[in-house]
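Q: For reference, the sequence and a predicted model appear below.
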Amino acid sequence: MSETNAAEPLREEALRLHAEYRLATDRFDEMCASNGELRSHWTYLVRGLEALGPVDFDIRCEEARRLLNESGVTYNVYSEQATTDRLWPLDPLPLLLTSNEWSHIEQAMAQRAELLDLILNDLYGPQLLLRRGVLPPELVWSHPGFLRPCVGMKAVRAPQLHLYAADLARTPDGTLHVIGDRAQAPSGAGYAVENRMILSRVFPSLYRDSSVHRLALFFRAFRGLLGRLGPRGQDNPRIVVLTPGPENETYFEHAYLSAYLGYPLVQGSDLVVYEDRVWLRALDGAKPVDVILRRVDDEYCDPLELRGDSLLGTPGLLHVVRSGNVVITNPLGSSILENPGLMAFLPQLAREILGENLHLSSVPTWWCGDNQGLQYVLEHIEQLVVKPIVPHASATTVFGGLLSTQERWQLAERIRSHPHLYVGQHHLALSTAPTVANGGVEPRPLVLRSFAVASDGGYFVMPGGLCRVAPRPDVEVVSNQLGGVSKDVWVLASEPERQVTLINTVAPAAQLASESDDVPARVADDLYWLGRYAERTDGTARLLREVLGRLLEVERVPHDEALPLLLQAVTAQTATYPGFIGEGREERLHAPEGELTGVVYDRRRVGSLRYDIDAVVRAGRSVRDRLSSDVTRAINSLNRELARPGDLTSAYEALQRIVFLMAGFAGLCSDSMSRSQGWCFLQIGRSLERAVQSVSLLQSLLVPAADAANVSALEAVLAVAHSIKTYRRRYRAQIQLNGVMDLLFVDETNPRSVGYELAALEGLVASLDGNIGARRSAASRLALDALTQVRLFNQETVVESGTAPLVPLFGQLAGQLAMLSDELTRRYFTHAETPHQLVRIA
Amino acid sequence: MTLCHNEVHLRPRDQPGQSCQSNLVTIEPAPAQLHWRTDYFGNPVASFALQQAHQSLTVTATSRVERLAAQIPLLSASIAWEQVATRVRANGSDDTWMARELVLDSPLVAVFPELRDYASPSFASGRPLLEAVADLAARIHHDFAYDPDFTTVSTALSEVLRYRRGVCQDFAHLAIGCLRSLAVPARYVSGYIETLAPPGGERWRGADASHAWVAVWEPSLGWIEIDPTNNQFVAERHVSLAWGRDYSDVTPLKGVVFGGGSHRLDVSVDVTSIGAGHA
């Protein structure tokens, strides 16, 4: 304790970014020269941060974390069990680059993109580079990214390589090298914008006064490019962003970019090919698609001509590309450019094709497919990084120096058996940059990803980029999968520049939910189920809150007459049979804690509260681009509740928060989302589920309570429906069946009544029919029929016959609502069925 | 709604000794369009899609092919097999160029050490290539059981080698793997053989369905075709449809079907000689 006390006042004095920074001796450091002096372009930032003092600095770091959390910036980490969303890690300290150095990068990136574009055109066209022996054909032929069905496809217009990214690393002598090319669907540009949005809010004045180049111009160029890509040169091509789906590592970015750029986010099954065109299965019919910005790996895009086992693609897509009726960017087959073996030949290719030397050299690379390269790699294996030309499960990157003699021998054997599948590369000592860690700031190895987009006959390079640092000072591999951290990249302008932005930079971009009315049927389906699960979560939470409230009450009523009925209602409402209704009910009713804990926490149990929350999160993720950022935030907060099993006391607290969160969710759905067709399905889901829940509650709780003249249980019905006060105000009397039915069933002015929900539902479903006066669809007739049942309900029958007429009425309504849900599914959500390959019988 | 997308390699390709005089591919139910193009390996390939619901899909290809009597080359006159590896690297004609690609692994034929072990008894040092290949085909024919129930399209080559059984497609892949393990270019040929045996002759295996064999590259003779399933050099009773690196490049009928539960694929082939000797 005394140590901490002694240290605290010291930390209070000043933030010592620079003084306490421990340089690694064998690396280049971005912030400090080898003598420990600050590099001049870092002075302003470092002094500014130090002037904040440690307390304020910590507050800002916390603010950055809060912003990330709230915007739900995540990436998925693959593990054996499942993919999980991780919060995108952002270091609050940016990487700084001078204008001068950046111009050099800009020039080099544009040159490299141009060169790779010409190589791409040749490999899928005349193949002169192969025939003249400039590039060994085995290097191309044996790479799975070389798609033979794409050879000979005519480009609609040059260039073909529209978006390009390179990973850059700086060696101890201060020079930058390219260590990787990303050419088929480069990721990271969206994260770069998000990083910028956050840092510019956390350090507004430091950011402003540092004159940092802005990123918006890059995206304006990107949008401009996509708008010009339409195959017939039309003005307003229909553009979609193709994602593999919510399980993908960078799904957040796909949703973010599609919202930022304003194009619908689609999955392979949302597209269909016929009549030589690609169509988007939209709610209001098929829409022809002109341009596909893809984030699906090229081999997976067409299960007919490419990988037959792909479930992510659209069969027949290649045929449409060949017919010239759709442009895919980057074009299918461009992953051949990611072949690291190409790096060994790029200097020569640059001279042959461009007549220039490369402005930025690649990491020294030897391809084992030629004898010289093979000899070199085998002789220097200890100093090299050995990579397969295409990474896959059984062949990964290895550091020769870390292998035992036997492992090295085995590696050499593998290389000798398929030499053309391996390269050896110099092991670069990456440069370091200051990174907040372990209560201080330490130098961490980094890699910088730079982006270029084709523009006006050349390439426009993002003035900035995405920097990633290693998880520990001594780790050489920088990867998000392995726990790396990202940084914003500030290119310091020598003079102030014009303010350009696609949207107001202060507001998070994702707030701009796509305004396009091209709602894929799958999206409508997901929105519908998002609405249903959200209300189911709410209804279940309210019921459980009532139950746990009674159970945990300090001065518990010794014989709470309502409790057994409430417990049975829990089982009925959540369909978690046998529970308190089926076999073994006596024991469970006697000691309900275990069963209730399961119904709250057990996410593997269908119908449990946590199961419903998972369903909300899943549905929310797959329509992320359609939700306002506030709604996304509410879902993210919900996902943090009941995340780990606990006891009923903490469950009760969580239930209070969940009910509160869901009230917020409901409000946000009404207030922060535009009235698109998608919204309509979200609301239909909510209303329908609430009607189902209300009917079920009346059936499982009101009927037995009234039969048993159980006043306490009747009161509980009102409590769950949040209507006790209204009841007392209105009837000022003992709680009776008649009054409860009036308030919770008939009264269309009470937002908790069945009548209210059915009226809303009928209105929403009828609005799908289009014009007023149009013939009612089957769904709309079902909704009207259910509403009419309620309106025609005669309260006298309850006075006369008690609950007897209610049982068939509730049963019938429940049946009608289930039919309505089926009809909506049939009419609007018809999915592509899962594709199968025809197989030959042996 | 589109219910299936298909691609067919069902038009015999012209090559030395074989010319396709007519070819008609009919599909029932009829698709709106049938697109013909030439694939990467120069084979004619057609694609079509069906948008109407259907219980069955029938694809019928009828071709009239002129097949010249082939001369079996003098086996002992071929080049020593070891020299093929260097000759293939000497960039020359288009043919050599293609051969160079066909030394490499392909989706269904990836070389592993046991293939080389199996091949090596046939490839004594300095042995003429075609002699060695004929010996390899004879050994496959002798060592492996023809067993249509053992393998499917997805059975790995290592399984075929381990259990010593399979069908024509497996034997073709096996021979290709053996040859490529020795850096000898080999390609997969999809085709048909005459259904009825000639008088007094033996009825061949693979006559009722699509058949497959191998072509090996000899630098001065070009591509020489051999059928390991029937232990024969390919001659006038064989009709080639298409060739590629392996089965996956030249699948006769490939398709992606949406929904519809289970499905079954039946194939039948009838090859009849309509006389010899006309020019």
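A: Now that the structure is in, tell me what you want to look at. Residues are numbered from 1 along each chain as shown, chains lettered A, B, ... in the order given.
Q: going forward, measure contacts and count neighbours with C-alpha atoms only.
A: Will do.
Q: hang on, isn't A:Y652 packed against A:R550?
A: No - contact between A:Y652 and A:R550 fails when scored by C-alpha atoms under 8 Å: they sit 10.6 Å apart.
Q: Following the record's annotation, map out the domains of chain A.
A: By the assignment in automatic domain parsing, chain A contains the domains A:2-79, A:368-427, A:519-673, A:684-828.
Q: among these, which is the most enclosed?
A: Among these, domain A:519-673 has the highest mean neighbour count (mean count of other C-alpha atoms under 10 Å in any protein chain shown), at a mean of 20.
Q: Now do that one: distance from first to last residue.
A: 14 Å (C-alpha to C-alpha, to the nearest Å).
Q: Next, A:D488: secondary structure please.
A: strand (DSSP: H, G, I helix; E, B strand; the rest coil).
Q: Can you get me a residue count around it?
A: When neighbours are defined as other C-alpha atoms under 10 Å in any protein chain shown, A:D488 has 28 of them.
Q: Contacts only, for it.
A: Contacts for A:D488 (C-alpha atoms under 8 Å, 6 or more residues apart in numbering or on different chains) come out as A:90-91, A:93-95, A:192, A:195-196, A:199, A:464-467.
Q: Which pLDDT value goes with the closest residue to A:L130 other than its chain neighbours?
A: Closest residue to A:L130 apart from its sequence neighbours, by C-alpha to C-alpha, 6 or more residues apart in numbering or on different chains: A:P137 at 5.3 Å. pLDDT, the model's per-residue confidence, is 93 for A:P137.
Q: how far away is A:P137 from A:L123?
A: To A:L123, A:P137 is 10 Å away according to C-alpha to C-alpha.
Q: follow-up on the earlier one: out of the domains of chain A, which is closest to A:D309?
A: When these are compared by C-alpha to C-alpha, domain A:368-427 sits nearest A:D309, at 16.4 Å.
Q: Of all residues in the chain, which one is nearest the centre?
A: Using chain A. A:F252 (2.6 Å; C-alpha atoms, centre = their mean).
Q: meant chain B, my bad for not saying
A: B:V189 (2.1 Å).
Q: That one and B:W243 touch, don't they?
A: Yes - if you go by C-alpha under 8 Å, B:V189 and B:W243 touch, sitting 4.4 Å apart.
Q: mean pLDDT lowest for which of the domains of chain A?
A: Minimum mean pLDDT among these: domain A:2-79, a mean of 79.
Q: ok now it, how far from the chain's centre?
A: Taking C-alpha atoms, centre = their mean, to the nearest Å, the mean C-alpha location of domain A:2-79 is offset from the chain mean by 29 Å.
Q: Check which helix or strand residue 59 maps to.
A: Since no chain was named, I'll use chain A. A:I59 belongs to helix A:40-71 when elements are defined using DSSP states H and E.
Q: I was thinking of chain B, sorry if that wasn't clear
A: B:V59 belongs to strand B:58-67, assigned by DSSP H and E.
Q: list the helices and strands the helix or strand that that strand is followed by packs on?
A: Using DSSP H and E, the helix or strand that follows strand B:58-67 towards the C-terminus is helix B:82-89. In terms of contacts (3 or more C-alpha pairs under 8 Å, 6 or more residues apart in numbering or on different chains; DSSP states H and E), helix B:82-89 is packed against helix B:94-101.
Q: again, 10 Å this time
A: Here helix B:82-89 touches helix B:94-101, helix B:129-143, strand B:211-218, going by 3 or more C-alpha pairs under 10 Å, 6 or more residues apart in numbering or on different chains; DSSP states H and E.
Q: what's the closest of those to chain A?
A: Counting by C-alpha to the nearest C-alpha, chain A lies closest to helix B:94-101 out of those; the figure is 6.7 Å.
Q: just the strands in the stretch 151-279 of chain B please.
A: Along the stretch 151-279 of chain B, counting by DSSP state E, counting those that start in this stretch, strands occupy B:165-166, B:186-193, B:211-218, B:222-227, B:232-233, B:238-244, B:253-258.
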